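>>> Fold the following for me, if possible:
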Amino acid sequence: MSDRAHMQRALEIAATGVGRTGENPSVGCVLVRDDVVLGEARTADGGRPHAEEQAIEGAGEVRGATAYVTLEPCAKRSNGTASCTDRLIAAGIARVVIAARDPHPFAAGVGCERLQAAGVRVEFGVLEEEARAQNADFFSIWDKP
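Numbers count the residues shown, from 1 in each chain. Predicted structure coming up:
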């Protein structure tokens, strides 16, 4: 399957949480290695746990896998637990494909810089318009002109 197909699946998963994640956006995450889906999740109702956290926990061994996420992983958490960026690095994810950049101060490129510094390949823009439309309310608050 292609990057677009895996990201489409992440968007489908995220769609089931739109309007149910509090102030957080509904994010989808699909973990794939050798074209086999290892795990998938969306942001939980109420906004926690995040999609990446749940997908990693449910997948088992994900070292060397690609994570497809509909929104840039957080680099900081308001509750002091490990960020999604830290979890992806610790799990040994080799590549992260991101639909849309996250303008929230807890992400805003910082997590991606940390991923890249840890040797993780990071790619943006796969189905970006669809991801932005899915969480239009979130982007209307945090996007700065």
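>>> Below-threshold pLDDT in this structure: ranges please.
145 (pLDDT under 70).
>>> and if we set it to 90?
Applying pLDDT under 90 to the chain picks out residues 1, 23, 75-82, 103-109, 141-145.
>>> centroid residue for it?
Val69 (3.3 Å; C-alpha atoms, centre = their mean).
>>> what bridges to that residue?
Bridge pairing for Val69 (DSSP bridges) gives the partners Cys29, Ile98.
>>> How many residues are close by the closest residue to Gly47 other than its chain neighbours?
Counting by C-beta to C-beta, 6 or more residues apart in numbering, the nearest residue to Gly47 once its immediate chain neighbours are dropped is Asn24, at 3.5 Å. For glycine as for every other residue, the C-beta is placed from the backbone atoms N, C-alpha and C. By the criterion of other C-beta atoms under 10 Å, Asn24 has 20 neighbours.
>>> Likewise for Gly60?
Neighbours of Gly60 (other C-beta under 10 Å): 9.
>>> tell me which element the nearest residue to it once chain neighbours are set aside falls in.
Excluding its sequence neighbours, the residue lying closest to Gly60 (C-beta to C-beta, 6+ apart) is Leu38, at 7.1 Å. Element membership for Leu38, per DSSP states H and E: strand 36-42.
>>> what helices or strands is that strand leaning on?
Secondary-structure packing of strand 36-42 (3 or more C-beta pairs under 8 Å, 6 or more residues apart in numbering; DSSP states H and E): helix 3-15, strand 28-33, helix 51-59.
>>> if you compare the ones you listed, which one is most tucked away?
strand 28-33 (a mean of 26; mean count of other C-beta atoms under 10 Å).
>>> Run through who's touching that one.
Residues outside strand 28-33 that contact it (C-beta atoms under 8 Å, 6 or more residues apart in numbering): 1, 6-7, 9-15, 37-42, 51-52, 54-56, 59, 62, 64-70, 93.
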